[in-house]
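Trainee: Curious how this folds, go ahead:
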Amino acid sequence: MENHNLYHGPLDGFVARRDALVRELRSSDRAAATAAGKVRKPAVTAWAIDQLANDEPELIVELLAAGADARESQQAFATQSTDRDD
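Mentor: Numbering: from 1, shown residues only. Predicted coordinates for the structure are as follows:
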């Protein structure tokens, strides 16, 4: 099992996947096993975004584009508001 597979799958199975990785690594690379054992369960939001990035990467592109559009709109509105105050 690779590290990135820890994050792929149900969140409630994260600890079991991490522990399985630690057991798998223990015989061949104790330092890696120790490092893997220190990996913490992600926050629900981070896990959800990771699942989306793995399963539907095109939606992440759309989400980032929507965020950029919102930022540009807010900046344009702020600039207009500042111009009116003068």
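Trainee: Which stretches in the protein count as helices?
Mentor: Along the chain, counting by DSSP state H, helices occupy 3-6, 14-26, 30-37, 44-55, 57-85.
Trainee: Identify all contacting residues around the second one.
Mentor: So that's helix 14-26. With contact meaning C-beta atoms under 8 Å, 6 or more residues apart in numbering, helix 14-26 is reached by 1, 3, 5-7, 9, 32-33, 36-37, 39, 41-42, 47. In short, each C-beta sits where N, CA and C put it, glycine included.
Trainee: picking up where we left off before, rebuild the helices of the chain as JSON lines, extending it with mean neighbour count and mean pLDDT.
Mentor: JSON lines is the format used below for the helices of the chain (neighbours: other C-beta atoms under 10 Å; pLDDT from 0 to 100):
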{"stretch": "helix 3-6", "mean neighbour count": "13", "mean pLDDT": "71"}
{"stretch": "helix 14-26", "mean neighbour count": "16", "mean pLDDT": "95"}
{"stretch": "helix 30-37", "mean neighbour count": "14", "mean pLDDT": "95"}
{"stretch": "helix 44-55", "mean neighbour count": "13", "mean pLDDT": "91"}
{"stretch": "helix 57-85", "mean neighbour count": "10", "mean pLDDT": "89"}
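Trainee: which one of the contacts of helix 14-26 is nearest residue 57?
Mentor: When the contacts of helix 14-26 are compared for distance to residue 57 (C-beta to C-beta), residue 7 wins out at 14.6 Å.
Trainee: Fine, thanks again, bye for now.
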